[in-house]
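# Everything below, folded, please.
(one chain, ligands or ions: 2)
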Amino acid sequence: MALIASIKAREILDSRGIPTLEGKLTTSDGIEVYAQIPSGESLGKHEGVELRDKDPKRYVGMGVLQAKGIINEAIAPKLLGVDTKSFAEIDQWLVKADGTKYYSKLGVNSLMLVSQLVFKANAAERKLPLYEYVNEYYNATFNQKVSLSHIPTPIYNMINGGKHGTKNLDFQEFHIVPSSSTPFAQTLEFAVSCYTGLKDLFQNRNADVSVSEEGGFTPSLFTNTEAFEIIKEVLVSKKIKIGVDIFAGVDCAPAYYYNNKQYAIKDQGASLNSKEYIDFIVNLVGKYNMIILEDPLQEDDMKGWKEITQQVGKQAYIVADDFVAGNMERLNVAIEEQACNAVLVKFNQVGTLSEMFAFVHQLRVNNMKILVSHRLGETTDATIADIAVGLQADFIKFGSPARGERIAKYNRLLEIETQLATI
Ligand code: PGA
Ligand code: ZN
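Numbers count the residues shown, from 1 in each chain. Ligands and ions are numbered 1, 2, ... in the order given. You can find the predicted model right below:
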């Protein structure tokens with residue numbers, strides 16, 4: 001039996017230099033576990049909110065001392081001596097203690113930190129790798145028989161625009177997606193080869209090789225189409241078979257270019273209405289062998305979502321990120337309306353881990369593809385790699401094969417792949 005002996009939160013920095021929370025939980029028999037919380041940049045209107053100090057004198061209001069205080073002074077004392085096996089009850093208690101729709105009282109950052117620490121302590125007590133414990137817990141909780149058979153297919157970020165970029169591209173992320181039959185280690189090699197190939201191409205053309213926070217290049221291109229073309233050029237030069245070994249992906253994140261019910265993308269000059277814009281996107285899907293189409297439409301354009309899923313849902317995964325934003329109510333509406341066929345799960349968006357598992361389960365029983373995603377603001381904590389494998393997600397999105405906080409997750413997947421081969 002592992003009783004909670006202490007929970008301590010502290011303020012650290014994420015990969016952007018913005019404060020976030022780290023926590024440490026110690027049990028009565030000396031187990032110590034840690035957790036760090038990521039944070040988004042292009043926030044969906046409907047996602048759970050983080051608790052930030054809003055004190056302009058510290059880190060332009062982004063400090064998390066208040067959240068740290070809530071954990072250390074209000075939550076931790078109540079959990080001392082509690083058995084970590086009461087994980088589900090602790091999560092329920094946290095959600096109840098918050099009591100708001102978007103967790104604005106305690107913050108998704110505080111809730112996820114405590115939830116994760118308790119869960120990790122249970123895995124450590126069982127002496128199981130985290131991914132194995134996630135799998136066992138998920139199967140037992142939801143009466144499932146999901147076996148640990150694969151590493152989720154990675155979606156690698158190559159070029160960034162929108163809110164994640166620094167220049168003039170509208171779409172937020174341009175990806176390459178290897179065939180799901182390729183072993184993970186080999187996909188990583190593909191991705192590095194493409195990534196360095198892009199860098200060489202930009203350098204040879206005297207173009208900028210700056211990168212975004214997620215590691216994708218932020219070249220000064222004019223249209224979104226040019227970004228797809230450049231990635232294609234690199235793949236062709238590497239003799240990688242497009243449409244067989246590698247596919248394209250995109251996260252449009254249209255909040256950046258959507259205004260007054262119009263989509264203003266530079267490719268078309270003028271602002272487009274939903275129908276004209278959908279025609280443009282549908283054409284891209286066919287032209288570039290696109291398999292991942294994330295947030296093609298604005299988050300409240302339900303009619304557009306239904307239309308695009310009807311048109312290209314058989315060829316590509318129409319992925320809801322901001323459209324669903326980790327919110328079960330919104331997910332149920334999306335399922336009912338058949339408005340997408342895949343959903344992004346962001347670790348810090350749903351509240352507690354219990355809610356995240358229930359959310360993933362709802363996706364699974366409704367035949368929706370499951371994508372586990374990092375955030376723009378990350379830490380070197382690789383927990384999402386274990387969660388994604390344990391839940392046997394279909395895809396993972398951890399950024400470019402560059403930058404320490406992204407690489408930490410890929411390195412963990414390499415390790416898990418080796419371990420799975422020996423099971
Ligand atoms: P975020 O971006 O972490 O800034 O939300 C990731 C995404 O939109 O997929
Ligand atoms: Zn997104």
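# And whatever residue of the stretch 51-200 of the chain ends up closest to ligand 2, its phi and psi?
When scored by Cβ to the ion, the stretch 51-200 of the chain has residue 172 as its residue closest to ligand 2, at 6.5 Å. Quick note: C-beta positions are derived from backbone N, CA and C, even for glycine. Residue 172 adopts backbone torsions of phi -80, psi -40, taken as degrees, to the nearest 10.
# Quick one: residues contacting it.
The contact partners of residue 172, taken as Cβ atoms under 8 Å, 6 or more residues apart in numbering, are 42, 160-165, 251-253, 256.
# Assess the claim that residue 113 and residue 11 are in contact.
No. The criterion here is Cβ atoms under 8 Å, and residue 113 misses it with residue 11 at 11.6 Å.
# which one of these two has more residues nearby?
Each of residue 113 and residue 11 has its neighbours counted (other Cβ atoms under 10 Å); residue 113 has more, 27 against 16.
# give me the number of residues near residue 207?
Neighbour tally, residue 207, other Cβ under 10 Å: 15.
# In three-state terms, label it for me.
Put simply, residue 207 is coil when judged by DSSP: H, G, I helix; E, B strand; the rest coil.
# any idea where the strands of the stretch 251-400 of the chain begin and end?
In the stretch 251-400 of the chain, the segments counted as strands under DSSP state E, counting those that start in this stretch are 258-259, 262-263, 290-294, 317-320, 342-346, 369-373, 395-399.
# Pull up the gap between residue 110 and residue 70, please.
5 Å (Cβ to Cβ, to the nearest Å).
# joint contacts of those two?
Listed contacts common to residue 110 and residue 70 are residue 51; contacts here mean Cβ under 8 Å, 6+ apart.
# For those two, indicate the residue with more neighbours.
Between residue 110 and residue 70, residue 110 has the larger neighbour count (other Cβ under 10 Å), namely 28 against 23.
# The more buried one - that's part of a helix, no?
Yes. Membership of residue 110 in a helix is supported by three-state DSSP.
# Keep only the contacts of residue 172 that also lie close to ligand 2.
residue 251 (Cβ under 5 Å from the ion).
# For the nearest residue to residue 316 once chain neighbours are set aside, report the pLDDT, please.
Residue nearest to residue 316 in three dimensions, not counting chain neighbours: residue 293, with 4.9 Å by Cβ to Cβ, 6 or more residues apart in numbering. In this prediction, residue 293 carries a pLDDT score of 98.
# Assess the claim that residue 293 and residue 317 are in contact.
Yes. With contact defined as Cβ under 8 Å, residue 293 counts as touching residue 317 (6.8 Å).
# Which neighbouring elements make contact with the helix or strand containing residue 118?
Element membership for residue 118, per DSSP states H and E: helix 108-125. For helix 108-125, the elements it packs on are strand 4-13, strand 19-27, strand 32-36, helix 87-98, helix 130-142, helix 353-365, judged by 3 or more Cβ pairs under 8 Å, 6 or more residues apart in numbering; DSSP states H and E.
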